[in-house]
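Novice: Next input, structure requested:
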Amino acid sequence: MSYPDAAFISCIVAIVKSFNWRRVIAVYEDDEYGTMSNTALLFSRALNEVGSELEYSAVFEPLKTGSDPMPSIQNELEEMKKQLSTVYVVLRSSKAFALSLFQEATAKEMMGTGSVWICGNDITSLLGSTFDQSFISHYMQGVLGVESYINVDNTRYPTFSSTFKQAFKKEFENKGETVFAPGVFAFRAYDIVQAIAKASVMSLMNGKSLVENLMDTNFTGFSRGNISVFRLINVVGYSYKELGFWLDGFGFCGNEAELRARSYSQNLNVVFWPGGLKTNPGGLRKLRVGLPANPVWEGFVTVSVDKNRTVTDGTGFCIDVFKKVLERMESNNYKIEYEYVPFLMRSNSSFDYEYNPRNGNKSTSEFTYDDLVNQVYLKVHHLCFFQ
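Specialist: Numbers count the residues shown, from 1 in each chain. The predicted structure is shown next:
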């Protein structure tokens, strides 16, 4: 597993901003020291700067050998389903955790239409090697991947790649490994060693410290030197397709030709979303809007309810304002789906009743004003209209 750096966080935030998602849920496997809490804080602040927010963080303890991660994953996924956001960013994950996470998320219908899953190097580096095609096709359709870009045009690429394959195959083939090509972490390690070696030689020549020479070294390796570049991919079928690239400080470009030409169109290729959604997801669950079936004055809210107590329509001043807000948001490419849920107002708010504050259930179908406030607090409803 790796630790996300500032450039990776900036790339994720740029994606969130480009699709106009206002709420995000972070998912990560922490270490024994709680190091990822600092990364989550950095992520939250970066989201705030573009007008979004980190609604919830699903934090998992590091998996131990032989332990069953399913109970904790199931509990956290249930908490995630209570949130309004359907944009999930996996900041850090081991292979074992990722396998369990996507299997359980699929079982809980969190990989369907309207959902968004974004992963980093920890998971994207496994797509072309470790994860089998059956797992990818069943549990990861529509996932967005962000991985460090490797400059294959580097003159050292053929030699390093060939040498690595031979050495890795010789050592690990008899241990069950079937993929021997170097991954992003191997290229990063190579770049680091080369940079340190070059700085060490310079230290012997100019007498400066290793750190000083590292800062002064003009070294362009497989990761393109000091400019952070990420490749964006999209899981489709048994594999994935390329969406484009993101350069720190420059933005998006659609293909490698634009990358080499330093032409940044700020556009990505068409995304295949979970559930086969044809339009960009709004990133929110369907809003549950509570409406009084017995309003005091119909000028504010008028509700039409069928025999099954399903709201067929809503009118009145409050509804007009609500719909105008949604129209304005949709004109800015931010569509929100909603459903009306009827409730009966209790005429005497001081009437005694049996109420369970944990789940919002009542022994009667009528509510007081305090009940409705609790309904929103407990996220049974997302908003309520009442007088």
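Novice: least trustworthy helix or strand in the chain by mean pLDDT?
Specialist: Within the chain, no helix or strand scores below strand 366-367, which has a mean of 68 by mean pLDDT, DSSP states H and E.
Novice: This structure: strands as residue ranges?
Specialist: 23-29, 53-60, 87-92, 116-119, 144-148, 229-236, 239-247, 251-253, 287-292, 302-305, 311-315, 338-345, 366-367, 383-384 (DSSP state E).
Novice: For the stretch 201-350 of the chain, which segments count as helices?
Specialist: 210-216, 256-261, 317-331 (DSSP state H, counting those that start in this stretch).
Novice: So what touches the last one?
Specialist: When contacts are taken as C-beta atoms under 8 Å, 6 or more residues apart in numbering, the neighbours of helix 317-331 outside the stretch itself are Val289, Gly299, Phe300, Val301, Thr302, Lys335, Ile336, Tyr338, Phe385. In short, each C-beta sits where N, CA and C put it, glycine included.
Novice: Going by neighbour count, list what's buried in it.
Specialist: Buried residues in helix 317-331, counted by 16 or more other C-beta atoms under 10 Å: Cys318, Ile319, Phe322, Leu326.
Novice: Next, give me the two most distant ones among the residues you listed.
Specialist: Cys318 and Leu326 (12.9 Å; C-beta to C-beta).
Novice: Sketch out the low-pLDDT regions of the stretch 251-387 of the chain for me.
Specialist: Within the stretch 251-387 of the chain, the segments meeting pLDDT under 70 span 295-296, 305, 309-312, 333, 344-367, 386-387.
Novice: again, only using 90
Specialist: By pLDDT under 90, the low-scoring segments of the stretch 251-387 of the chain are 251, 253-269, 276-280, 282, 285-320, 322-323, 325-387.
Novice: For the spatially most central residue of the chain, which residues are in contact?
Specialist: Central residue of the chain (C-alpha atoms, centre = their mean): Val89, 2.2 Å from the mean position. By C-beta under 8 Å, 6+ apart, Val89 lies in contact with Ile12, Val24, Ile25, Ala26, Val27, Phe43, Ile118.
Novice: now the residues you listed: which count as buried?
Specialist: For these, buried by 16+ other C-beta under 10 Å: Ile12, Val24, Ile25, Ala26, Val27, Phe43, Ile118.
Novice: can you pull the contacts of the residue lying closest to Ala14 once chain neighbours are set aside?
Specialist: The shortest distance from Ala14 to any non-neighbouring residue, by C-beta to C-beta, 6 or more residues apart in numbering, is to Trp246 (6.1 Å). Counting by C-beta under 8 Å, 6+ apart, Trp246 touches Cys11, Ala14, Ile15, Val146, Val229, Phe230, Leu232, Phe252.
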